[in-house]
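how would this look folded up:
(2 chains)
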Amino acid sequence: MSATTTDSFARVDATVSYKTPIVMAAFAALVGLAFGVFGKTETVAFQWSNPEDFIHIPDFIVGSNTVGLVAGVVLLAIALVAFVQARGAHKTPLWLTLIFGLVAVVALLGWLAAGNAVPFAFILGNAVVLAVPIALGAMGGIMSERVGVVNIAIEGQLLTGAFLAAVVGSLTDNLYLGLIAAMVGAALLSMVLAAFAIVYLVDQIIVGVVLNVLVLGITNFLYSQWLSSDGQNSNFPGTFDIIPIPGLSSIPILGPALFESRLTTYLTYLIIPALWFILFKTKLGLRARAVGEHPLAADTVGINVARTRFWWVTLGGVVAGLGGAALTIGSVGAFGRGMSGGQGFIALAVVILGRWHPFSAAAAALLFGFSIILRVWANQVSPGIPTDFITMVPYVVTLIAVIGFVGRVRAPAADGQPYIKG
Amino acid sequence: MTTDKQASTWSTAAKEIVSGGAFRAFLSVVLGFVVGAIFMVFSSEAFLQALTYFTARPTDALSAGWTAIADGYSALFRGSIYNYKADDIVAALRPITETLRFAGPLIAAGLGVALGFRVGLFNIGASGQILFGALAATFVSTRVSLPWGVHLVVAAVVAIAAAAAYGALVGFLKARTGAHEVIVTIMLNYVAAGLLTFAFRQDYLLLEANGGGTPKSDPPAVTAQLPTLFGDAYTLHAGFLISLVGVVIYWWLMERSTIGFRFRMVGHNLDAARTAGINVNRTFVYAMAASGAFVGIAAVNQALGATAGLTPDLDGSIGFDAITVALLGSSTGPGVLLAGLLFGAFKAGAPAMQVIGLSPEVTGVIQGFIVLFIAAPPLVRAIFRLPAPQKTTVISDWWAGLRQKGAKK
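Now for the predicted structure:
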């Protein structure tokens, strides 16, 4: 399923590498020592569900350092498995890495909340909501980069979407119109990027950066000149209602977190698998990937490279614009100055961390969403913890990924290359 | 015949000028100001009201629009160049010194990004390099005590070295693992911000004396502060001079030195450079280190030019503005100097525009459109119907002839 082409190419130069098990073992030792041996002795209550939930699971109360010790042992075992895999010149499977991360996170939660409780549903639910704009931005980025156009302008698209959703939603008093305006606005921005990159052959990264500067300048100006004084009329959109999905929302732990959310979140649930299906299971997706990998070959078999690129980049803008709308009318309502706050750049990292694959990218987006809520929650539950380090974790993880820890990341071969029809 | 030939030389020269990068940059700035004017007009209450009865009395709307533009740009002029409404000459000249003060870090960081562009590297990490440099500088300036003079020099050198090291790390990772510098620099920006905030929050590191929960450092020790250039009446400090020295060094490095030649060669054609025996990977590391060093001058400006305690947002928007400065300056020393001065003027003009009720963010719009036009040469050429870039070299031949004559004398 997962990008079979990537794997088959990577296998050619696969050698025995102990990088992964070594880093894993170091992490395991760190967790075991810091949270276990030298951990806190207070107990911690893992709250699986809210008392008012349909199916209530009793809290799981355990000593904080016990959690750390057990986690350390489990992590060490996973590192051992990775070591055995590496000896056979196999790469560590992605699911093993994910489990590794999950266990480490549980240990961290247990340590942070010593003498307190870990509300799982609350953390997971917020992580999902925070991950939605990042995930949608990343999907837009994937759509653009899969056809060979680097999209640095995700930040600008999120900001455009957020701004238009709030303003149009307020002025027309119709959130659906706001949602459409967000998608159209971000798509127009994408069209500019596409036109410059494909027609004028301007450096794609530079155009992307310039568009970000432009959107930030315009929205900042309009915000301070207009929205901040006329907020009641123009910047008071409200948000989509929270709709619990009957049945699904009463699943223990996951239900309240995933299926009591807003329209933008549910659209994200639809878009991610849809994008995967189109990219990897349809002729349309095959053509798009061909354009991104080898435009000359694609052109030779009769695919219109320029047109394919143009429309995929534009549709990527639609998706990113939806992500922008999720920042305002899908979450807090009103627009704030520069409110995308670098999430577009995080989305860019998520694209790479997710290896240009919708599902992996969605998981990576969730990691970032999780780290944001973790910082907020950690500040409440144990003040004085240096949360700046928690903030840094996803960036460091991305760095480690980019420099080759989770296997060499391979971009679409023609990513960023203009195609000049000869 | 001779006049014919002369005339054609002149027209070729004229064509070279109007199709050249410098003229296009100038036109882009003009276009940026035009777009800014449009934004000013449409944010004017008087204009919007007059617009409602436009067909009945169009002159009202036109004059209101003109007033909005004139007010806006004269406020920008008063705030950034010369305040002709000031009571005395000291106050009247303050705006231009403010422009220079804001331009200092922009020029330096712009040089760093520009150097990257020349090598084919996109250094988006100026913000992180400034923060990392400032972190090191603040440690020296607030936690180490040294005699007057030495303290400032040590703090400045440490800041530049730290920023250079942070840049070199990017080059190293790119050379060693092939990681794309854009992603690495973006990530390192956040890492630097996290490190700095952490250090500014801990009392055993850099938190100010009697500081509370908000991350803030002590002001730099008096011995480590950059001296003001024109006495206490102006806040302009020696950081601007360091940036100017940076421009000269940049020009020499890129146009005259061997390493600069290697930089440019790698930027022009990676494969040709490799074939010619240049170690491309090592060049990446050197180039990113040099890029970071120039950005480090911006860190010196920010960290040692301050008289109050520093906060984690000490880099402001310099990191990103530096990209626009480098683009507008077409990555040449003099170009970056001029672009830095222009954007410094935008920053200095902000308070004066605020006073007349115009959001100073309008300069952000102007800035954005300028770089949009810069980034897309075909667009500007289409708007002004300019000729395509010329292959003739009349002007550079003439220039070379002049220099030869000078050398003979």
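
In the stretch 51-200 of chain A, which residue sits nearest chain B?
residue A:200 (4.7 Å; CB to the nearest CB). All C-beta spots, glycine's among them, are computed from the backbone N, C-alpha and C.

what bits of chain B have low per-residue confidence?
Chain B contains residues with pLDDT under 70 at B:1-7, B:407-409.

Could you identify the longest helix within it?
helix B:89-119 (DSSP state H).

What parts of the stretch 1-150 of chain B come near chain A?
Contact residues (CB under 8 Å from any CB of the partner chain) of the stretch 1-150 of chain B with chain A: B:39, B:43, B:122, B:124.

for the stretch 151-300 of chain B, same thing?
Within reach of chain A by CB under 8 Å from any CB, the stretch 151-300 of chain B has these residues: B:173, B:176-180, B:182-184, B:186-188, B:190-191, B:194-195, B:197-198, B:201-202.

repeat that for 6 Å
B:173, B:177, B:179, B:183, B:186-187, B:190-191, B:194, B:197-198 (CB under 6 Å from any CB of the partner chain).

Grab the most central residue of the chain for me.
The chain I'm using is chain A. By CA atoms, centre = their mean, chain A has its centre lying nearest to residue A:365, at 1.8 Å.

switch to chain B, that's the one I care about
residue B:106 (3.4 Å).

which residue sits closest to it, ignoring its sequence neighbours?
Leaving aside its sequence neighbours, residue B:106 sits nearest to residue B:340 (CB to CB, 6 or more residues apart in numbering or on different chains; 4.2 Å).

That neighbour touches residue B:105, doesn't it?
No. Judged on CB atoms under 6 Å, residue B:340 makes no contact with residue B:105 at a distance of 8.6 Å.

hang on, the earlier thing: can you tell me how far the residue nearest to residue B:106 is from residue B:112?
Residue B:340 is 12 Å from residue B:112, where distance means CB to CB, to the nearest Å.

Tell me what residue A:63 is bridged to.
residue A:43 (DSSP bridges).

Count the residues that sit near it.
Using other CB atoms under 10 Å in any protein chain shown, residue A:63 is surrounded by 16 other residues.

now the one 10 residues further on
A total of 15 residues lie near residue A:73 under the criterion other CB under 10 Å.

Now it: closest residue in space, sequence neighbours ignored.
Of all residues not flanking residue A:73 in the chain, residue A:32 sits nearest, at 6.9 Å (CB to CB, 6+ apart).

That neighbour is in contact with residue A:72, isn't it?
Yes. Using CB under 6 Å as the test, residue A:32 is close enough to residue A:72 to be in contact (2.2 Å).

And those two? Which one has more around it.
Neighbours were counted for residue A:32 and for residue A:72 using other CB under 10 Å; residue A:72 has more, 25 against 22.

From the contact counts, what lies against the helix or strand where the more buried one lies?
Assigned by DSSP states H and E, residue A:72 belongs to helix A:64-87. Packing partners of helix A:64-87 (3 or more CB pairs under 6 Å, 6 or more residues apart in numbering or on different chains; DSSP states H and E): helix A:19-31, helix A:94-112.

what about residue A:331, how many residues close to it?
19.

Quick check, pLDDT for it.
The model reports residue A:331 with a pLDDT of 87.

Then residue A:12?
For residue A:12, the model assigns a pLDDT of 42.

With residue A:2 instead?
Residue A:2 is assigned a predicted lDDT (pLDDT) of 39.

cool, and the one 3 residues further on?
Residue A:5 carries a pLDDT value of 40.

go on, residue A:369?
90.

Let's verify it: helix, strand, or coil?
Classification of residue A:369 using DSSP: H, G, I helix; E, B strand; the rest coil returns helix.

Count the neighbours of it for me.
24.

I figured it hits residue A:133, correct?
No. Between residue A:369 and residue A:133 there is no contact under CB under 6 Å: 9.0 Å.

returning to that earlier point: can you give me the angle the helix holding residue A:72 makes with helix A:19-31?
When axes from the mean of the first three to the mean of the last three CA atoms, to 10 degrees is applied, the directions of helix A:64-87 and helix A:19-31 differ by 170 degrees.

Quick one: mean pLDDT over helix A:64-87.
Here the average pLDDT along helix A:64-87 is 88.

Extract the C-alpha set from it and format it as PDB.
Presented in PDB, the C-alpha positions along helix A:64-87 are these (Å, rounded to 0.1, in the frame of the first residue of the first chain):
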ATOM      1  CA  SER A  64       4.300   7.400  37.900                       C
ATOM      2  CA  ASN A  65       7.700   5.800  38.100                       C
ATOM      3  CA  THR A  66       6.200   2.300  37.500                       C
ATOM      4  CA  VAL A  67       4.800   3.600  34.200                       C
ATOM      5  CA  GLY A  68       8.300   4.900  33.300                       C
ATOM      6  CA  LEU A  69      10.000   1.700  34.200                       C
ATOM      7  CA  VAL A  70       7.600  -0.500  32.300                       C
ATOM      8  CA  ALA A  71       7.700   1.900  29.300                       C
ATOM      9  CA  GLY A  72      11.500   1.800  29.400                       C
ATOM     10  CA  VAL A  73      11.500  -2.000  29.300                       C
ATOM     11  CA  VAL A  74       9.000  -2.100  26.400                       C
ATOM     12  CA  LEU A  75      11.000   0.500  24.500                       C
ATOM     13  CA  LEU A  76      14.200  -1.500  25.000                       C
ATOM     14  CA  ALA A  77      12.400  -4.600  23.700                       C
ATOM     15  CA  ILE A  78      11.300  -2.700  20.600                       C
ATOM     16  CA  ALA A  79      14.800  -1.500  20.000                       C
ATOM     17  CA  LEU A  80      15.900  -5.100  20.200                       C
ATOM     18  CA  VAL A  81      13.400  -6.100  17.500                       C
ATOM     19  CA  ALA A  82      14.700  -3.200  15.400                       C
ATOM     20  CA  PHE A  83      18.300  -4.500  16.000                       C
ATOM     21  CA  VAL A  84      17.300  -8.000  14.800                       C
ATOM     22  CA  GLN A  85      15.600  -6.400  11.800                       C
ATOM     23  CA  ALA A  86      18.700  -4.300  11.000                       C
ATOM     24  CA  ARG A  87      20.900  -7.400  11.100                       C
END
